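**Q** Below are the sequence and a predicted model for it; my questions follow.
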Amino acid sequence: VSTVAGTGMPGLADGPAIEAAFYWPEDLDVDVFGNIYVADSHSNRIRVITPEGMVYTLAGSGRMGHADGPGPEAAFLGPVGVLVDGSGHLFVSEYAGLRIRVIDLPHTLVPFSPAPTPDPYAGQKVIKIGLAEEPHGVQLSASLQNAAQLAIDEANAAGGVIVGGERYTLAFVTAQDWKLPGEADAQATARALLDQGVVAVVGHIFSENSMAAAEVYGPAGVVMVSAVSSDPRVTQAGWPSVYRVTSNDAFLAPVAARMTYEDLGLRRAVLLGEADPHVQTAMDAWAQAFGSLGGEVLGRFEAEAEFPAEVLVELQSLAPEAVIFFPVRRLSPERAVQQVQEAIPSAIIVGVESFTNLPVFLAFLGDRAEGIYDAVTGVPRVAMPGYAGFAERYRQADFAIMPDPDDFQAKWAPFGYDAAGVIIAAIRLAAETGEVTRESVAAAMETFRDQPYQGVTGVIQFDEFGDLLDQPVYFKKVVNGQWVDVLPGER
């Protein structure tokens, strides 16, 4: 007997099967390709376990009720049975909803030949911009796609791109990174976009996927501008056509350390994380920056699931003013925070982009979350020079999947808009030379190393690596049960 998926603890977590969590899985079925479909009744979602051992949410927003539509928007009420047919459909029985539902399975899972769709650009001269979709992060991926689409639609409404006296329409094409971070899948997505003739790409989301895809885009000389990927290695591999409009994690940790020292006035800290090379690098950078200012790092501790009793006793004896949490994948941040609060009630808890992206964090901790900080990459919306106008136009566009730009899960929407915007600006510069090719767009992007591009999020200008010259980082804090932006000079 062996376990296919699940940790044995109730919850909702996609990812590698051995780390995934289910909440009362009632029924399953298997298709001819080896995908296992699960009716996860108490989470009101339909899950899938792929032959590669990855778990994803196929359909269901988690809301109890009835709503048809795209998988991420659908709502179920007690799905207890699933049955897959031979034509790419999954039938779902709802115990409490008293309905039988049907899901059209994505072709990334069941490769049946799709029905032909009309070409929306038929008869037009087009310049193609690509986007790497990642449907397992639905809100994030949809907000980025919506924002990039908005930038392209606005550019087309303003006359498109004139090349040699002829009007070209900007066409937005996508390919899916169906799996979680993985080299083969990301590179297949990159090649699919290149095969469609794109001259530049917005994406990818996961840093691991951006790094893998850069090995395809780089040799082809294709510009990739990521709105989200923050791992330092994304822009350190030596590909001159790779950029990002978000922060580099190599800057996040030291800037967060400076903010902890200067803005919060904290001098004695303990660092908590797990044995992951990326986390360790961030901890090193934080400690070095904090020490250079005169702060003292009293200790560093790691855990796999939760912190053992002896570590908590040592934390008590050190009596730090601040406990700094770094991003983790195996350790439960909610449980770890609870342990620290019980051991050192007076300590200020500060995350390094560790908490705000966790949907259950506030619900799990309740009132105990009050006053917790998280240093996050980006710019507070009120500090973005073009955010108000962008948000209004975004809402008016009425996209099919519509994460509100004010929701934190859609915080990257304005960065997606700017990633597409700077690409469009480079395409227009290339057009002035008389041709728009991958090479001419890449050459035009070099302009923004020497002069700024005004984006919604602020001024965008790149250094020699493709990183922003100005690295945006700020604090969010839990106030009255909600994450709120902390502006410079505030606590």
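**A** All right, it came through fine.

**Q** for stretch 186-193, which positions count as buried?
**A** Using 16 or more other CB atoms under 10 Å as the test for burial, stretch 186-193 gives 186-190, 192-193. All C-beta spots, glycine's among them, are computed from the backbone N, C-alpha and C.

**Q** Can you tell me which of those residues is closest to Val228?
**A** Using CB to CB, Ala186 comes nearest to Val228 of the buried residues of stretch 186-193, at 13.5 Å.

**Q** how about the closest one, phi and psi?
**A** phi -60, psi -40 (degrees, to the nearest 10).

**Q** I'd guessed Leu194 sits against Val222; true?
**A** Yes. Between Leu194 and Val222 there is a contact under CB atoms under 8 Å: 6.6 Å.

**Q** So which of those two has more stuff around it?
**A** More crowded of Leu194 and Val222, by other CB atoms under 10 Å: Val222, with 25 against 18.

**Q** Correct me if wrong: that one contacts Ala200.
**A** Yes. Using CB under 8 Å, Val222 is in contact with Ala200, at 6.4 Å.

**Q** which residues do those two both contact?
**A** Both Val222 and Ala200 are contacted by Arg438, under the criterion CB atoms under 8 Å, 6 or more residues apart in numbering.

**Q** distance of Leu298 from Val422?
**A** 43 Å (CB to CB, to the nearest Å).

**Q** Neighbour count: these two, which is higher?
**A** Neighbours were counted for Leu298 and for Val422 using other CB under 10 Å; Val422 has more, 26 against 17.

**Q** For the more buried one, give me its contacts.
**A** 225, 243, 245, 445, 448, 453, 455, 460.

**Q** Specify which member of these is nearest to Lys477.
**A** Distances from Lys477 to the contacts of Val422, taken by CB to CB, are shortest for Val245, at 24.9 Å.

**Q** Isn't that closest one up against Gly458?
**A** No. Using CB under 8 Å, Val245 is not in contact with Gly458, being 9.7 Å away.

**Q** neighbour-wise, which of these two wins?
**A** Val245 (31 against 19).

**Q** Next, the more buried one: phi, psi?
**A** The phi/psi pair for Val245 (degrees, to the nearest 10) is phi -110, psi 10.

**Q** where along the stretch 351-491 of the chain do the strands fall?
**A** According to DSSP state E, counting those that start in this stretch, the stretch 351-491 of the chain carries its strands in the segments 373-377, 453-454, 459-460, 473-479, 482-486.

**Q** Kindly compare burial across these and name the winner.
**A** Ranked by mean neighbour count under mean count of other CB atoms under 10 Å, the strands of the stretch 351-491 of the chain are led by strand 373-377, which reaches a mean of 25.

**Q** where's the residue nearest to Phe361 when sequence neighbours are not counted relative to Phe326, distance?
**A** Counting by CB to CB, 6 or more residues apart in numbering, the nearest residue to Phe361 once its immediate chain neighbours are dropped is Phe355, at 5.1 Å. The spacing between Phe355 and Phe326, counted by CB to CB, is 11 Å.

**Q** Glu306 too?
**A** Applying CB to CB to Glu306 and Phe326 gives a distance of 16 Å.

**Q** Ok, Asn156 next?
**A** For Asn156, the distance to Phe326 - CB to CB - is 43 Å.

**Q** quick one: which of these two has more around it?
**A** Of the pair Asn156 and Phe326, Phe326 is the one with more neighbours under other CB under 10 Å, namely 26 against 18.

**Q** so what's the more buried one scoring on pLDDT?
**A** Listed pLDDT for Phe326 reads 91.

**Q** same deal with Ser113?
**A** At Ser113, the pLDDT recorded in the model is 42.

**Q** Same question for the one 5 residues further on.
**A** According to the predicted model, the pLDDT of Pro118 comes to 63.

**Q** try the one 5 residues further on
**A** The model reports Gly123 with a pLDDT of 83.

**Q** residues of the biggest strand by length in the chain that come out buried?
**A** Secondary structure of the chain read by DSSP state E shows that its longest strand is strand 166-176. By 16+ other CB under 10 Å, the buried positions in strand 166-176 come out as 168-176.

**Q** Point out the least confident one among these.
**A** Gln176 (67).

**Q** Measure how far the lowest-mean-pLDDT helix or strand in the chain is from the centre of its chain, please.
**A** The weakest-scoring helix or strand in the chain, judged by mean pLDDT, DSSP states H and E, is helix 183-195 (a mean of 83). In this view, helix 183-195 has its centroid 18 Å away from the chain centroid, taken as CA atoms, centre = their mean, to the nearest Å.

**Q** Please apply the same query to stretch 149-159.
**A** Counting by CA atoms, centre = their mean, stretch 149-159 comes out at 24 Å from the chain centroid.

**Q** got the buried residues for it?
**A** So for stretch 149-159, counting by 16+ other CB under 10 Å, buried means 149-152, 154-156.

**Q** Nearest to Ala369, out of those: which one, please.
**A** Distances from Ala369 to these, taken by CB to CB, are shortest for Leu150, at 33.5 Å.

**Q** so the helix or strand hosting that closest one versus strand 166-176, what angle?
**A** In the assignment (DSSP states H and E), Leu150 maps to helix 138-157. Angle between the axes of helix 138-157 and strand 166-176 is 170 degrees (criterion: axes from the mean of the first three to the mean of the last three CA atoms, to 10 degrees).
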